[in-house]
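**Q** 3D model of this:
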Amino acid sequence: MPMPTHFWDILAKRYPRFNTDSMRQDVETILAWTKEQGVAYAPQSTLLDIGSGTGTFSIPLALLHVNVTAIDTSAKMLAILKEDAQNEGIEGFIKTYQSDWDSFALTTPYDIVLASMTPAIHDGTTIDKMINASTKYGIFVSWGAYRINAFVDALLLSHRPHEHFSQTGSIKAEDVIAQLEKKNISYTHKRFETQWSDTYSLYDAKAYAKEQLERRGIEADEEKIERLITDFSHNASVNISTKAEKIIVVWKH
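**A** Numbering: from 1, shown residues only. The predicted structure follows:
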């Protein structure tokens with residue numbers, strides 16, 4: 001099940017924004033490839049962004065004059081989205097709703113539905129609702145076969161040494177593809193590699209560690225976190241790098 005709203009509110013201040021370099025590059029890769037597959041981000045077309053977060057997709061799409069409906073459970077994520085939209089002068093192209101996907105009321109179909117790296121899509125029912133939300137195109141982006149983060153790997157090992165943790169999330173592209181095949185909906189998909197690196201203060205590195213543990217329902221051990229941060233710190237900061245595969249699935253009704 002999705003994490004509680006307060007988790008994403010806490011995460012919001014460190015979450016990438018639409019103009020964060022590594023995120024911007026991934027979004028550009030995804031939008032370029034989906035265009036090649038026929039997805040038309042035409043001015044005045046309508047798009048539903050499920051689990052929009054800070055607007056990493058909503059802002060670039062609104063800049064194309066796509067009419068975006070962005071939903072997210074986190075008020076703080078949406079506040080960042082609205083701030084960036086206002087700064088870009090595109091607030092008229094984005095409507096935001098603080099809501100989970102399970103209970104969001106679909107009062108009208110959209111030309112395009114998009115769900116990228118979001119726990120909002122967490123079971124068969126939410127997959128079906130996503131597929132049925134659009135009349136033309138659908139886009140789903142998830143983790144692929146791997147996500148390598150030495151800091152998080154060491155953190156989990158220190159707390160649960162005999163337990164295996166997946167760093168690629170619960171709902172995978174294969175789950176969405178299976179539902180599309182059941183519905184006889186044509187689709188295509190693409191894998192690509194991405195990587196990013198963030199430098200944290202010692203205080204923020206500790207907060208990051210606790211967030212990663214909370215996400216997995218693990219109680220934080222302060223002493224183990226302190227030792228880990230000492231091992232990874234350099235000049236009173238901690239550099240945390242991630243290398244991962246992502247998968248894009250595109251379908252057409």
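
**Q** mind jotting down where the helices sit in the stretch 151-253 of the chain?
**A** 173-182, 202-215, 222-232 (DSSP state H, counting those that start in this stretch).

**Q** please name every helix or strand in contact with the first one.
**A** This points to helix 173-182. The elements that helix 173-182 packs onto, with contact taken as 3 or more C-beta pairs under 8 Å, 6 or more residues apart in numbering; DSSP states H and E, are helix 124-132, strand 134-148, strand 186-201, strand 237-252. Just so you know, the C-beta spots here come from the backbone N, C-alpha and C atoms, and that holds for glycine as well.

**Q** find the nearest non-adjacent residue to M23, please.
**A** Nearest residue to M23 in three dimensions, chain neighbours excluded: P16, at 3.8 Å (C-beta to C-beta, 6 or more residues apart in numbering).

**Q** same check on I247?
**A** Using C-beta to C-beta, 6+ apart, the closest residue to I247 is A173 (4.0 Å).

**Q** do D100 as well
**A** Nearest to D100 is T73, by C-beta to C-beta, 6+ apart, at 5.1 Å.

**Q** my read: the one you found touches Q98, true?
**A** Yes - using C-beta atoms under 8 Å, T73 makes contact with Q98 at a distance of 6.7 Å.

**Q** who has more neighbours, these two?
**A** T73 (23 against 14; other C-beta atoms under 10 Å).

**Q** neighbours of E193, how many?
**A** Neighbour tally, E193, other C-beta under 10 Å: 10.

**Q** so what's it up against?
**A** 243-246 (C-beta atoms under 8 Å, 6 or more residues apart in numbering).

**Q** give me the beta-bridge partners of it?
**A** When assigned by DSSP bridges, E193 has beta-bridge partners E245.
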